[in-house]
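S.K.: need a structure here:
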Amino acid sequence: MSVNYLLYSSTAVVHFTQADLVQLLKLSRVNNQAHQLSGMLLTRGDKFIQWLEGPVEEIEILVDKIRRDRRHKNLRVLADGTLPVRAFPDWSMAFKNLTGLREDALPGYSELLQANPTAANGNFAAKKLLETLNNLVLQGV
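M.R.: Numbering: from 1, shown residues only. Predicted coordinates:
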């Protein structure tokens, strides 16, 4: 059975402290699990990139909620579609802060996110995600 995914970027209009990010992560995990969503959140400074996967209706509801969140602006859908399997089946929200938060101390930390696209050990969805993110980094998104 295939799974829907959506990748978006946004810009924070408020400063997120480490404590804010940890609280956001905890709340996201609870909400995502309740709505059969999984994914990954990357942050660096005021930039956010989030990969969501799950039922298309739940993804659309969450993205609409994020669009209306006054803490963000410039939400852009970068990619969406379906994959044969989830990239993050065991995580309601994986997390990587690219600006120095000790992510290895948080649940959801993954060495997979440190890897290059060819190191995803045969996981098609993970390879697709890592390739997409790699391309976005190269484009300066």
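
S.K.: average pLDDT for the helix or strand where residue 66 lies?
M.R.: If you go by DSSP states H and E, residue 66 is part of helix 56-68. On average, the pLDDT along helix 56-68 is 95.

S.K.: the residue lying closest to residue 72 once chain neighbours are set aside bridge partners, please.
M.R.: Of all residues not flanking residue 72 in the chain, residue 10 sits nearest, at 4.3 Å (C-beta to C-beta, 6 or more residues apart in numbering). Yep, even glycine has a C-beta here, placed from its N, CA and C like the rest. As for beta bridges, residue 10 partners with residue 48 under DSSP bridges.

S.K.: also residue 39?
M.R.: The partner residues for residue 39, given DSSP bridges, come to residue 52.

S.K.: and the gap between it and residue 23?
M.R.: Going from residue 39 to residue 23 by C-beta to C-beta, to the nearest Å gives 17 Å.

S.K.: of those two, who's got more company?
M.R.: Legend: neighbour count by other C-beta atoms under 10 Å for residue 39 and residue 23, higher for residue 39 (25 against 12).
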